[in-house]
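Colleague: I would like to see how this sequence folds:
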Amino acid sequence: MNGKSTIVRHSLSEIIALRELGQDQTSADAQEAESLDAEFWKSARVVMPAGKTSIHLRLDTDVVEWFRAHGKGHLTRMNAVLRAYVEARKLESRP
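Modeller: Okay, here's the model as predicted:
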């Protein structure tokens with residue numbers, strides 16, 4: 001690795017402009033996330049797991065801003081929401 005950062009930051013207006021020019025590098029065939037209704041959240045619970053894996057992840061700007069607005073630890077809280085989703089789905093798939 002040459003020490004040069006591979007992180008690129010764009011504003012929402014820049015992203016929109018890139019899409020209009022056909023230069024957006026996000027996958028056009030990426031699946032939309034499943035909508036979660038109130039029934040899902042009734043059984044969801046936050047569980048903090050032991051191990052972590054570092055990944056690169058693209059999220060909607062407004063979602064990240066909402067978590068950041070609630071203070072330090074926004075990535076931990078985002079992980080906790082994902083964990084609650086996984087645990088609820090595991091319960092649904094049990095016979």
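
Colleague: CA only for contacts and neighbour counts going forward, please
Modeller: OK.

Colleague: distance of residue 66 from residue 90?
Modeller: To residue 90, residue 66 is 27 Å away according to C-alpha to C-alpha, to the nearest Å.

Colleague: in the protein, where is pLDDT below threshold?
Modeller: Applying pLDDT under 70 to the chain flags the ranges 1-3, 5-6, 27-28, 49, 95.

Colleague: just checking, what packs against the lengthiest helix in it?
Modeller: In the chain, assigned by DSSP state H, the helix with the most residues is helix 74-92. In terms of contacts (3 or more C-alpha pairs under 8 Å, 6 or more residues apart in numbering; DSSP states H and E), helix 74-92 is packed against helix 61-69.

Colleague: so how far is the helix it packs on off the chain centroid?
Modeller: Offset of helix 61-69 from its chain centre (C-alpha atoms, centre = their mean, to the nearest Å): 10 Å.

Colleague: packing partners of it?
Modeller: Helix 61-69 packs on helix 74-92, going by 3+ C-alpha pairs under 8 Å, 6+ apart.

Colleague: hmm, who's touching the helix it packs on?
Modeller: With contact meaning C-alpha atoms under 8 Å, 6 or more residues apart in numbering, helix 74-92 is reached by 40, 43-48, 67-68.
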